[in-house]
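>>> Got a predicted structure plus its sequence, pasted below:
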Amino acid sequence: MSNVVSVASNSSAGAAGGSVIDVGTLVSQLVSADIAPQEKIIAQQTQSVTAEISAVGSLQNALAAFQSSLGALDTPSAFNSLSASSSDNSAFTATVGTDATLGTYSVSVSALAQAQQLVSNAFSGGSSATVGTGTLQLTLGSTSFSLAIDSSDDTLSGIAAAINSASGNPGIQASVVTGTTGAHLVLTSSLTGASNTIGVTETDGGTGLSSLTYGSGNTSNYTQATAAQDAAFSIAGVSYTSSSNTVTDALSGVTLNLLATTSTSATLTVADNTSAVEGNVQAFVSAYNALQQSFASLGGYDSTTNTAGPLMGNAALTGAQSQIRSALYSIVDTGSSTYDSLASIGITTNSDGSLSVNSTTLSAALTANFSAVSALFSGTGGVASTLNTILTNELAANGPIQSLSSSLVQENTNLTNQSNQLNQQASAESASLTQEYAALNTLLSSLQTTSSYLTQAFATLPGNRSSSGG
């Protein structure tokens with residue numbers, strides 16, 4: 001049933017010569033009836049295109065996130081990660097750098113590097129007993145610093161505090177230990193190694209601080225609690241010494257952290273870092289599963305809600321999806337007929353299209369043939385390297401995804417222009433109709449006025465008066 005457009009005013013004022021037509025309402029109804037169907041079509045198309053533009057953005061983000069997971073697998077260098085292990089972690093641990101190479105080595109540790117510690121003779125009166133004043137020069141290895149002692153810090157505790165706060169102190173730590181025989185000044189080096197010995201001399205020409213001096217030929221004032229000592233060890237039978245227990249220059253690319261001496265040799269193994277690769281593969285699978293979920297939500301159909309994804313059937317999405325799946329299921333020339341596909345190393349497809357990793361199978365493959373697994377992902381035609389090429393092309397500025405995005409943006413612009421043109425058309429039509437119906441309204445109002453006048457005039461004619469009076 002069509003809508004009825006109101007033309008005449010129902011008010012009594014209209015009959016008395018007022019407005020006959022409600023021009024504003026009539027024009028609004030007429031213009032709306034004319035443009036409403038087109039407005040509805042444009043609004044529906046705009047909503048659809050806007051949803052598609054948003055969906056393409058989501059697809060781009062999902063593909064880019066998946067591509068980022070390939071960086072740890074798509075080149076041979078990604079598989080160059082090595083790890084170092086010790087057969088006796090109580091004796092030493094090890095880490096590797098970029099220069100390390102595969103190998104197994106026997107390691108024996110005969111001595112650990114030590115820092116020298118000196119304990120002075122006892123001073124009666126405790127830490128607050130006065131020792132004397134003067135100038136001390138303390139040396140650690142080849143570095144020296146001077147210390148002036150006056151009446152403000154001439155006690156054992158004052159001298160210890162002055163040493164610790166002295167400018168230029170290379171690492172001599174001073175403390176006061178009190179025992180049954182009295183207080184002792186303890187000097188401890190923070191640097192290990194045989195060359196980092198402590199020396200103390202008095203340089204003021206006096207003897208006020210002579211009881212604290214120590215050096216070659218003058219060792220009676222202190223007892224050496226710990227001697228300065230280098231670490232001594234051997235790698236593959238080659239002897240080496242180090243001033244530190246952290247050794248970086250004995251085996252290329254390997255850092256040893258010596259912890260204890262050994263009675264029998266332990267084994268250092270530098271091997272492929274299979275645990276790192278396993279983690280990278282798991283991250284790759286997780287990233288693909290996230291991408292698969294995006295494919296399903298953007299291009300699938302939800303039978304529960306009877307709702308299609310905004311890119312369902314879209315060639316850009318289905319094309320990317322098809323290429324990615326083809327790479328995942330490809331057979332790769334790895335030099336091994338045993339490990340030449342993702343399925344062969346424990347990566348299989350579930351019923352919903354997602355991937356799963358059998359950690360035991362993957363670990364076994366890495367242990368049995370690490371180079372084949374590396375080639376499977378990063379070699380010529382490898383899964384990860386091929387996927388990276390596919391995604392680079394898909395996401396390129398002139399690629400199908402960006403082309404689709406540009407096309408949709410242009411379509412949205414066109415719809416906006418159509419909407420603007422329709423609004424302009426409506427404004428023009430409204431102005432024209434308003435003018436027409438305003439003139440008609442004036443004419444009708446004039447006719448009403450004339451009609452009213454004639455009615456009154458006829459009513460005053462003699463015949464009409466007599467008739468009305470009789």
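Done, it's in. Residues are numbered from 1 along each chain as shown.
>>> start to end distance for stretch 192-204?
Stretch 192-204 has an end-to-end distance of 30 Å (CA to CA, to the nearest Å).
>>> Give me the buried stretch members for that stretch, please.
Thr192, Gly193, Ala194, Asn196, Thr197, Ile198, Gly199, Val200, Thr201, Glu202 (16 or more other CB atoms under 10 Å). C-betas here are computed from N, CA, C, even on glycine.
>>> same deal with stretch 230-248?
Those would be Asp230, Ala231, Ala232, Phe233, Ser234, Ile235, Thr241, Ser242, Ser243, Asn245, Val247, for stretch 230-248 by 16+ other CB under 10 Å.
>>> if we can go back for a sec, restricted to helices, list the buried residues of stretch 192-204.
Using DSSP state H, no member of the buried residues of stretch 192-204 sits in helices.
>>> want to throw those into TSV with pLDDT and distance to Asn441?
Below are the buried residues of stretch 192-204 laid out as TSV (pLDDT from 0 to 100; distance: CB to CB, whole Å):
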residue	pLDDT	distance to Asn441
Thr192	98	108
Gly193	98	110
Ala194	97	115
Asn196	98	110
Thr197	98	116
Ile198	98	114
Gly199	98	117
Val200	98	117
Thr201	97	120
Glu202	96	121
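>>> would you list those in CSV and tack on distance to Gly379?
Output for the buried residues of stretch 192-204, formatted as CSV (distance: CB to CB, whole Å):
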residue, distance to Gly379
Thr192, 47
Gly193, 48
Ala194, 51
Asn196, 51
Thr197, 57
Ile198, 59
Gly199, 62
Val200, 65
Thr201, 68
Glu202, 72
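>>> and which of these is nearest Leu366?
Distances from Leu366 to the buried residues of stretch 192-204, taken as CB to CB, are shortest for Thr192 (39.0 Å).
>>> could you give the mean pLDDT of the top helix by length along the chain?
When the chain is parsed with DSSP H, its longest helix is helix 400-459. For helix 400-459, the mean per-residue pLDDT is 76.
>>> Domain-wise, how is this protein divided?
53-78+275-402, 82-113+231-272, 117-226 (automatic domain parsing).
>>> To Glu411, which of these lies closest?
Closest among those, using CB to CB: domain 53-78+275-402, at 8.9 Å.
>>> now the closest one, how far from the chain's geometric center?
20 Å (CA atoms, centre = their mean, to the nearest Å).
>>> Repeat that for stretch 204-221.
Per CA atoms, centre = their mean, the centroid offset for stretch 204-221 relative to its chain is 61 Å.
>>> got it, and stretch 126-136?
Chain-centre distance of stretch 126-136: 59 Å, with CA atoms, centre = their mean.
>>> Would you mind measuring from the residue nearest to Thr349 when sequence neighbours are not counted to Ala194?
Among residues not flanking Thr349 along the chain, Leu355 sits closest, at 6.0 Å (CB to CB, 6 or more residues apart in numbering). Note on Leu355: its distance to Ala194, by CB to CB, to the nearest Å, is 58 Å.
>>> and what of Thr130?
36 Å.
>>> all helices of the stretch 201-350 of the chain, in order?
Counting by DSSP state H, counting those that start in this stretch, the stretch 201-350 of the chain has helices at residues 274-299, 315-328.
>>> Make TSV out of those helices and add distance to Ala51.
Converted to TSV, these look like this (distance: least, CB to CB, whole Å):
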stretch	distance to Ala51
helix 274-299	10
helix 315-328	14
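>>> returning to that earlier point: was I right to think the residue nearest to Thr349 contacts Ala287?
No: counting by CB atoms under 8 Å, Leu355 does not reach Ala287; the two are 9.9 Å apart.
>>> one step back: I'd like the distance from the residue nearest to Thr349 to Val409, if you could.
Counting by CB to CB - Leu355 and Val409 are separated by 34 Å.
>>> between those two, who's got more neighbours?
Shown here are Leu355 and Val409; by other CB atoms under 10 Å, Leu355 has more neighbours (17 against 13).
>>> Next, the more buried one: phi, psi?
phi -110, psi 150 (degrees, to the nearest 10).
>>> tell me the contacts of Asp34?
Residues near Asp34 by CB atoms under 8 Å, 6 or more residues apart in numbering: Ala426, Glu429.
>>> what's the spacing between Gln116 and Val186?
11 Å.
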